[in-house]
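> Would you be able to build a 3D model of this:
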Amino acid sequence: MKRHTCIICKKKRYESKMNPALVSSWVCCTDKYNCCDDIELISAENILSDLKKLRKINIKHIIGGK
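Okay, here's the model as predicted:
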């Protein structure tokens, strides 16, 4: 069984106690550590869904970059 690091609390846990989040990250979903409901994660998921709605503007236009 694989282990992953939670992007919220930075703890390493087995995959069975975690859920995939965002693109390729993991968050804890246990009774003691319920990082799945963190406000930052919810905000990031909202931003990601809003970015998918954009057709002519991409992320480089918003945050800058080469």
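> Contacts for the longest helix seen in the chain, please.
Determined from DSSP state H, the single longest helix within the chain is helix 39-53. For helix 39-53, contacts defined as CB atoms under 8 Å, 6 or more residues apart in numbering pick out 7-8, 21-23, 27, 35, 59. From N, CA and C alone the C-beta is placed, and that goes for glycine too.
> Can you tell me which of the residues you listed is nearest Glu15?
Using CB to CB, Val27 comes nearest to Glu15 of the contacts of helix 39-53, at 11.8 Å.
> Lys11 contacts Val27, correct?
No - assessed by CB atoms under 8 Å, Lys11 is found out of contact with Val27, at 10.3 Å.
> count of residues packed around Ile39?
7 (other CB atoms under 10 Å).
> The closest residue to Tyr33 other than its chain neighbours: what's it in contact with?
Distances taken as CB to CB, 6 or more residues apart in numbering put Cys9 closest to Tyr33, at 5.8 Å, once the chain neighbours are dropped. Counting by CB under 8 Å, 6+ apart, Cys9 touches 28, 33, 35.
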